[in-house]
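S.K.: how would this look folded up:
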Amino acid sequence: MSETHIIEVKELEDSTGDLFIEIPPVLLNKLRWKEGDDVKFTTTPAGSIQIRKVKMETVELDFDDDELFKYMQFAHQKGISFNELCNEALKDHLNFDNPHLADHPFNPLGHEQTK
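M.R.: Reported below is the predicted structural model:
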């Protein structure tokens, strides 16, 4: 069963127009989240925002300056950050190497279902 929680969206007092939310401690405890956890925000087609706890890993990339510049230009042309481009490339590689995960009920890599 899912529960709905209403959390107030507040504006920072620094005149930037940036917003923030404070997740109540009772909800943090229930989710087993703590300050410093990495989260991912995803906007749904209905306009709501999903927040999920994620585990971030650091991956060292070995590019020379020219290669890095080309990849950064490519990301810019796609309207995404260099980090997002790297994440897309890793996901594509994992999807290509692990097509059997599409039939897994959890489907962690978002493979297209084969059935």
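S.K.: which residues in the protein form strands?
M.R.: Taking DSSP state E as the criterion, the chain carries its strands at 9-11, 19-21, 38-43, 49-54.
S.K.: Mean pLDDT for these - can I get that in TSV?
M.R.: Formatted as TSV, those follow (pLDDT from 0 to 100):
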stretch	mean pLDDT
strand 9-11	92
strand 19-21	91
strand 38-43	88
strand 49-54	88
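S.K.: Is it possible to get a markdown table of those strands that adds mean neighbour count and distance to Glu67?
M.R.: Heads up, the C-betas are built off the backbone N, CA and C, glycines and all. Shown next, in a markdown table, are these (neighbours: other Cβ atoms under 10 Å; distance: least, Cβ to Cβ, whole Å):
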| stretch | mean neighbour count | distance to Glu67 |
| --- | --- | --- |
| strand 9-11 | 10 | 41 |
| strand 19-21 | 9 | 37 |
| strand 38-43 | 10 | 27 |
| strand 49-54 | 11 | 27 |
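S.K.: The ones you listed: which one's closest to Gly79?
M.R.: strand 38-43 (15.0 Å; Cβ to Cβ).
S.K.: Give me the helices and strands touching that closest one, please.
M.R.: Helices and strands touching strand 38-43, as assessed by 3 or more Cβ pairs under 8 Å, 6 or more residues apart in numbering; DSSP states H and E, comprise strand 49-54.
S.K.: Thank you, goodbye.
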